[in-house]
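[1] Got a predicted structure plus its sequence, pasted below:
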Amino acid sequence: MINHGIERAPDERVNWKTSSGFLAAHAVVLLAFVTGVTPTAVVIFLVLYWGRMFFITAGYHRYFSHRSYKLGRVMQFVMAFGGASAAQKGPLWWASHHRNHHRYSDTDLDLHSPQKGFWWSHVGWILCDKHNDWNADDIRDFAKFPELRFLTRYDFIAPWTVAIASFLIGGWSGLVFGFFGSTVALWHCTFFVNSLAHVFGRRRYATTDTSRNSAIIAFLTLGEGWHNNHHYYQASARQGFFWWEFDVSYYVLRGLSFVGLVKDLKQPPARVKTAARIRDGSFDMGMFKAHWAKATVAVHNVRSHRSKDVDPALLEADPELATRRAHLEELIAANRAALAEHVQNALAHAEELGRLSRRQERQAGTID
Ligand SMILES: [Zn+2]
Ligand SMILES: [Zn+2]
């Protein structure tokens, strides 16, 4: 826990070489000042931004990561290709890692834990080498399809196809502003769900993480901003739980279900929607854990800061002072370890208590 937000392991540092394409894409957008922005390029930008946002949210996220509805094999391929065209790597890479985000939310094993700072959860985790690979064990259900493995292995095919098409339709402006502009915007708005949606917005449901609901992020991401809802009940194809929580990706999926292209859209049961609300007194474990982690980091920072401040000449002049100091440091470290253990135990008990009371409520028929 001490490492939170302080030090990065070697494989967690930015690899400038492998990240050069990602960074260069940002620079390419600036060429729009040279190429100008034609009306065709604006249309390409809008179509590619909203179109690919749909494939990422409805396809990569709600289908491949969460299986919140069913698709035939052709539509499954269309979703995978559309998602891959957003240049966020292949479907199996994306979905397998996302499943782990939910499995280990806000812990050290969470690949983009917001507890490791905003930068890390936004892009740091992508720019380093740690998560280059993906594990087929995390996504056996989809890894069995050869076409999905192909799209994941050759993840450049889909974005290149869209880039070339943008150039053929809109010329240099179409490529620079239409394709690269929308791709960069799409990256950051998608990443906001990992970064901003864990620090900005409101929490309705008690979860074990720091997810929040934000209308602004929901607007930018076709409905993914209702992130606290999503962490609370991931199985749902619908992330806006109430009519005022607009969720465009879900509306499109609903439309596709009317023509039979999408089946079995999962909804949150009515009783789930009214359970585990923070305002009804449910213990907000996620925020409690986050505050504790933050406090630990603050204590650690103060201590390492003070160690640096001590004049080495002073310690040399009085060896006894150094011994006493070392002894005190040991004592503090031991006390902190004991305190951390007590808090961990208290958390485990609170979690168990929460589980028991939910089970009781279930048995009494108050919630699902
Ligand atoms: Zn998710
Ligand atoms: Zn999340």
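    It's in. Numbers count the residues shown, from 1 in each chain. Ligands and ions are numbered 1, 2, ... in the order given.

[2] for the residue lying farthest from the centre of the chain, what are its contacts?
    Here the chain has its C-alpha centre computed as a mean, and the residue farthest from that point, by Cα atoms, centre = their mean, is Ala317 with 52.1 Å. By Cβ atoms under 8 Å, 6 or more residues apart in numbering, no residues touch Ala317. The way it works is simple: take the backbone N, C-alpha and C, and place the C-beta from them, glycine included.

[3] Renumber starting at 34 from here on
    Shifting the count to begin at 34 puts that one at Ala350.

[4] Distance check, it against Asp344.
    Computed with Cβ to Cβ, to the nearest Å, the distance linking Ala350 and Asp344 is 9 Å.

[5] do the same with Ser154
    Counting by Cβ to Cβ, the gap from Ser154 to Asp344 is 38 Å.

[6] Tell me which of those two has more neighbours.
    Neighbours were tallied for Ser154 and for Asp344 using other Cβ atoms under 10 Å; the higher tally belongs to Ser154 (26 against 8).

[7] could you measure the more buried one against Arg132, distance?
    Applying Cβ to Cβ, the value for Ser154 to Arg132 is 17 Å.

[8] Asp143 reaches Tyr137, doesn't it?
    Yes: A contact is recorded between Asp143 and Tyr137 when judged using Cβ atoms under 8 Å, the distance being 4.5 Å.

[9] Which of the two has more residues huddled nearby?
    When Asp143 is set against Tyr137 and neighbours are counted by other Cβ under 10 Å, the residue ahead is Asp143, at 21 against 14.

[10] in the stretch 84-233 of the chain, which spans are helices?
    Assignment of helices within the stretch 84-233 of the chain using DSSP state H, counting those that start in this stretch yields the ranges 106-117, 124-136, 151-152, 158-160, 173-176, 179-186, 190-206, 215-227.

[11] Take the ones you listed and write them to CSV, including distance to Phe274.
    Supplementary listing: the helices of the stretch 84-233 of the chain in CSV, determined by distance: least, Cβ to Cβ, whole Å:
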stretch, distance to Phe274
helix 106-117, 23
helix 124-136, 17
helix 151-152, 27
helix 158-160, 28
helix 173-176, 26
helix 179-186, 30
helix 190-206, 32
helix 215-227, 17
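
[12] Arg310 is nearest to which of the ones you listed?
    Ranking the helices of the stretch 84-233 of the chain by their distance to Arg310 (criterion: Cβ to Cβ) puts helix 124-136 first, at 20.5 Å.

[13] any idea of the angle that closest one forms with helix 179-186?
    Angular relation of helix 124-136 and helix 179-186 on a 0 to 180 degree scale: 80 degrees, by axes from the mean of the first three to the mean of the last three Cα atoms, to 10 degrees.

[14] then helix 124-136 to CSV, C-alphas only?
    The C-alpha atoms that make up helix 124-136 are tabulated as CSV, following Å, rounded to 0.1, in the frame of the first residue of the first chain:
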residue,chain,number,x,y,z
PRO,A,124,-11.1,-6.6,-28.6
LEU,A,125,-9.5,-9.5,-26.6
TRP,A,126,-6.8,-7.2,-25.1
TRP,A,127,-9.3,-4.5,-24.2
ALA,A,128,-12.0,-6.7,-22.7
SER,A,129,-9.7,-9.1,-20.8
HIS,A,130,-8.0,-6.1,-19.1
HIS,A,131,-11.3,-4.4,-18.4
ARG,A,132,-12.6,-7.6,-16.7
ASN,A,133,-9.6,-7.3,-14.4
HIS,A,134,-10.4,-3.7,-13.6
HIS,A,135,-13.7,-4.8,-12.2
ARG,A,136,-12.3,-7.9,-10.5
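
[15] quick one: average pLDDT of that helix?
    In this model, helix 124-136 has a mean pLDDT of 93.

[16] Please name every helix or strand in contact with that helix.
    For helix 124-136, the helices and strands in contact under the criterion 3 or more Cβ pairs under 8 Å, 6 or more residues apart in numbering; DSSP states H and E are helix 106-117, helix 173-176, helix 179-186.

[17] Report pLDDT for Gly203.
    Reported pLDDT at Gly203 in the predicted model: 96.

[18] if I pick Pro352, what's in contact with it?
    Here Pro352 is in contact with no residue (Cβ under 8 Å, 6+ apart).

[19] What distance do you get for it to Thr194?
    Shown here: Pro352 relative to Thr194, a distance of 71 Å by Cβ to Cβ.

[20] Repeat that for Leu289.
    Taking Cβ to Cβ as the criterion, Leu289 is separated from Thr194 by 23 Å.

[21] Looking at the two, which is more packed in?
    Neighbours per residue, other Cβ under 10 Å: of Leu289 and Thr194, the larger number sits with Leu289, 17 against 13.

[22] what helix or strand does the more buried one sit in?
    With the criterion set as DSSP states H and E, the secondary-structure element containing Leu289 is helix 281-291.

[23] List the buried residues in that helix.
    When neighbours are counted by 16 or more other Cβ atoms under 10 Å, the buried residues of helix 281-291 are found to be 281-283, 285-286, 289-290.

[24] just those residues now: which is nearest Thr90?
    Looking at the buried residues of helix 281-291 and their distance to Thr90, the nearest is Ser282, at 4.4 Å (Cβ to Cβ).

[25] No further questions, thank you.
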